[in-house]
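Colleague: here's my sequence, what's the structure:
(chains A and B)
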Amino acid sequence: MLNELAQFALILAFVVALVQSVIPLIGAARRNPVWMSVAEPAALSQVILLGFAFVVLTRAFVLSDFSLAVVAANSHTDKPLLYKITGTWGNHEGSLLLWALILSLFGAAAALFGGNLPPTLRARVLAVQGSIGVAFLAFMLFTSNPFLRLTQPPLNGQGLNPLLQDPGLAFHPPFLYLGYVGLSMSFSFAVAALIEGRVDAAWGRWVRPWTLAAWLFLTVGIALGSWWAYYELGWGGFWFWDPVENASFMPWLISAALLHSAIVVEKREALKSWTVLLAILAFGFSIMGTFIVRSGVLTSVHAFATDPARGVFILGILAFFMGGALTLYALRAHALESRAVFSVISRESTLVVNNILLAVSAFVVFFGTMWPLAAEMFFGRKLTVGPPFFDAAFTPFMVMLALLLPVGTLLPWKRARLRRALRPLRGVALLAIAGGGLVWALQTGRTALGPLGTALALWVSLGAAMDLWQRTGRGDLAGRLGRLSRLPRADLGRVLGHGGFGITIFGIAAMLAWTVEDIRVARVGESFEVGGYEITLAGVRRERGPNYETVMADMVVTRDGRPVARLNPEKRVYDASGMPTTEAALDSGLLRDVYLVIGDPQQGGGWAVRSYVKPFANWIWAGAIVMALGGVLSLSDRRYRVAAGAGRRLRAGGVAAR
Amino acid sequence: MSAARRMAALIALLAALSAGVAGAVQPDEILDDPALEERARALSRELRCLVCRNQSIDDSDADLARDLRLLVRERLVAGDSDEEAMAFIVERYGEYVLLRPTFTGANLLLWTAGPAMLMLGFGGALIYLRRRAAGRGPAPLSEEERRELERMLEG
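Modeller: Okay, the predicted model is just below:
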């Protein structure tokens, strides 16, 4: 009964979205305040309807209601409660419902906090947002209904893919969806501005928090996914240039570019049409990601629920929104250009270069991801584009970006004297080179990656610190520290974001350059040395988990006779699917991870054992977290708060609601 | 969907089911000569596991990946250079097996797309920046705007 009510709520949400996408648009064109005001209740009621549907679906997963096809196919009574709940979005239909719910949440947020927007702009933004809702709700209702019933419910479900039964991956999709869908707000603002024919500094200020929020969710989502791959897939890789990873990485790159160009719009009223284009493309890449993951045109480690009919539908959505928005852009963009003046050497210019590097690198990833498809269709060549290509073709862009970054943050707006602006960076450059040289002298293997990566990381993070120091003005230390504590949060956010980028660069370079690997057969009781650590296979035993059988090794790690860790790598076989998985055991640390994997028993006795010492591995994700924190800090700046201006009005009228 | 594609999908599905087990290089595969083994590992990272979804044979524990790893080592032990060993494998399995697309034919498009876009981007930016720097200030008010301003000042 509840399930049918939820189904009905979905249909109702679809109808409401339809109304929201049409009426306010007409209202805005005719300057009719009543028609425009339809948008707000429509946006809010969608949250209620979709929230209800989502709660009902979660309930079905928790109670193992196998009369729903999606629950029967993706859940199991033996599953721990946490994974029953996260299983709600661990499948195509449920994840789409989550997508739609988040979309409606963003729409409602714009309705609630958009009080300071001009009424026509607000009506148009909400109408565009509504039309995206229409498309995805139609997709859900017509191709992937989560509330489809089975006439003969099975006794038990088929279980969730064991790889997904993990805390890292359980929360990876929601963050990605928050990011993808957050970019729909930037898209809606861009299209609304094109309809209005007006982009100004205020527009830049409104778009930025949404983009920033989307970017920071994407950052967290990607980092979670990468961290999961690192400890779960069993050989300690953290990025595979898999089509699905690329699908989330392209919007990240474009939204990072958008974040920076929106600043130029806000501060200098330049780069307007370019920023609008980026906002359109960023959301385009989000839909493209959905297409890649769900259509199965590109085989990938984690493409799920692949179905050609669904692929065609998403391609239709992509064609409609990108075709429509880009046509509108072609018609209107020329009206947007401003007459702001700035010199070739200025912060504006470095932000332009930043945008080119980020956009072209996203394009390279796109080209590499799609090339196997294109090569087969147009040239009849069946080929693969793998990590060696991406490493070679993508890395140079990030290196150029990192080299430019500290320079850009120190250049003033409008007109700069390069020599004077670069003076504070002399020390930073010297320190970076010295650091690289030190690493070169200390490391055992003679690879260039370690020293160069270190130098680049130092350049970026010390450059960020110098940016902060310069912001404190002149004078004695006390005065500077005092000013430091009063800096706007957006400035601190920028410094953290850039510093985090430097930390991640260092983590990646260090891990790639200095990982020690050891593969061997070890008998129980045998000890061996890996990267300065003594590792002993103390024992191997079989155990029973809640819904799996496991072979668990007991391994002792010591260094110079002192105990470091006792680790239990496992090999599990899940009951429901019979699928074996590896659970690596890690001793994580600030300076290194010890990473142990147990393999198969060997014919002559003993076990295959894989051991790695991975220096500075955690710095990769720590850097991402610092970047995201920078985003949070910047978002909390009074000047950019999503509700800026609307706050006072809300406080006056919204107390009763709490 | 043709039968061949259906078959390929089935193989991919089976491979996906067996994925997730860390296997990759097994202890019994490792060559005694560390220099030779190092070369074998480097080549393994350039070769695709044909039945997996986007994994190199160095990362995959599918049986076919193991066969390929053994084949690479066999060729190296037999005295092949890296290039000869790769050529041997491409001969047998087609260029699909290469994770790094070759610099030939249409692939040149793929390899040059990035640098070409970058050049275009820089070129466009330079023209844009020059125009910005040329310092066309704000446009004078149009007749209509001037009238509106007057009206506002008076009102």
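
Colleague: can we go C-alpha only for contacts and neighbour counts from here?
Modeller: Noted.

Colleague: doesn't A:Met536 belong to a helix?
Modeller: Just so we're on the same page, residue A:536 is Thr rather than Met. No. Using DSSP: H, G, I helix; E, B strand; the rest coil, the assignment for A:Thr536 is strand, not a helix.

Colleague: could you export stretch A:429-437 as PDB, CA atoms only?
Modeller: Output of stretch A:429-437 as PDB, limited to C-alpha atoms (Å, rounded to 0.1, in the frame of the first residue of the first chain):
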ATOM      1  CA  ALA A 429      61.000  28.900  -5.400                       C
ATOM      2  CA  LEU A 430      64.300  28.500  -3.700                       C
ATOM      3  CA  LEU A 431      62.800  26.400  -0.900                       C
ATOM      4  CA  ALA A 432      60.900  24.300  -3.500                       C
ATOM      5  CA  ILE A 433      64.100  23.600  -5.500                       C
ATOM      6  CA  ALA A 434      66.100  23.000  -2.300                       C
ATOM      7  CA  GLY A 435      63.400  20.500  -1.100                       C
ATOM      8  CA  GLY A 436      63.500  18.700  -4.400                       C
ATOM      9  CA  GLY A 437      67.300  18.500  -4.300                       C
END
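
Colleague: what ranges do the helices span in chain B?
Modeller: Secondary structure of chain B (DSSP state H): helices located at B:3-18, B:34-44, B:63-77, B:82-93, B:107-133, B:143-154.

Colleague: out of these, which one sits most buried?
Modeller: Stretch with highest mean neighbour count among the helices of chain B: helix B:63-77 (a mean of 19; mean count of other CA atoms under 10 Å in any protein chain shown).

Colleague: list of residues touching it?
Modeller: Helix B:63-77 is contacted from outside by B:24-25, B:29, B:31, B:36-37, B:40, B:43-44, B:49-51, B:57-58, B:60, B:82, B:85-86, B:89, using CA atoms under 8 Å, 6 or more residues apart in numbering or on different chains.

Colleague: name all residues that make contact with the closest residue in space to A:Val495 that isn't next to it in sequence.
Modeller: Excluding the flanking residues, the one nearest A:Val495 by CA to CA, 6 or more residues apart in numbering or on different chains is A:Ala464, at 5.2 Å. Residues near A:Ala464 by CA under 8 Å, 6+ apart: A:406, A:409, A:495-496, A:498-499.

Colleague: what's the helix or strand for A:Ala464?
Modeller: helix A:449-471 (DSSP states H and E).

Colleague: list the buried residues for that helix?
Modeller: A:449-469, A:471 (16 or more other CA atoms under 10 Å in any protein chain shown).

Colleague: I'd like the average pLDDT over that helix.
Modeller: The average pLDDT for helix A:449-471 rounds to 91.

Colleague: walk me through the domains of the chain.
Modeller: Let's take chain A. A:1-165, A:516-617 (automatic domain parsing).

Colleague: actually, chain B is the one I wanted.
Modeller: Domain assignment for chain B by automatic domain parsing gives B:3-97, B:107-154.

Colleague: indicate which one of these is closest to A:Ala584.
Modeller: Closest to A:Ala584 of those, according to CA to CA: domain B:3-97, at 8.9 Å.

Colleague: figure out how far that closest one is from the centre of its chain.
Modeller: Relative to its chain's centre, domain B:3-97 lies at 18 Å (CA atoms, centre = their mean, to the nearest Å).

Colleague: distance-wise, check A:Gly311 relative to A:Gly324.
Modeller: Distance, A:Gly311 to A:Gly324, using CA to CA, to the nearest Å: 20 Å.

Colleague: who's more crowded, these two?
Modeller: Regarding A:Gly311 and A:Gly324, a neighbour count based on other CA atoms under 10 Å in any protein chain shown identifies A:Gly311 as having more, with 19 against 13.
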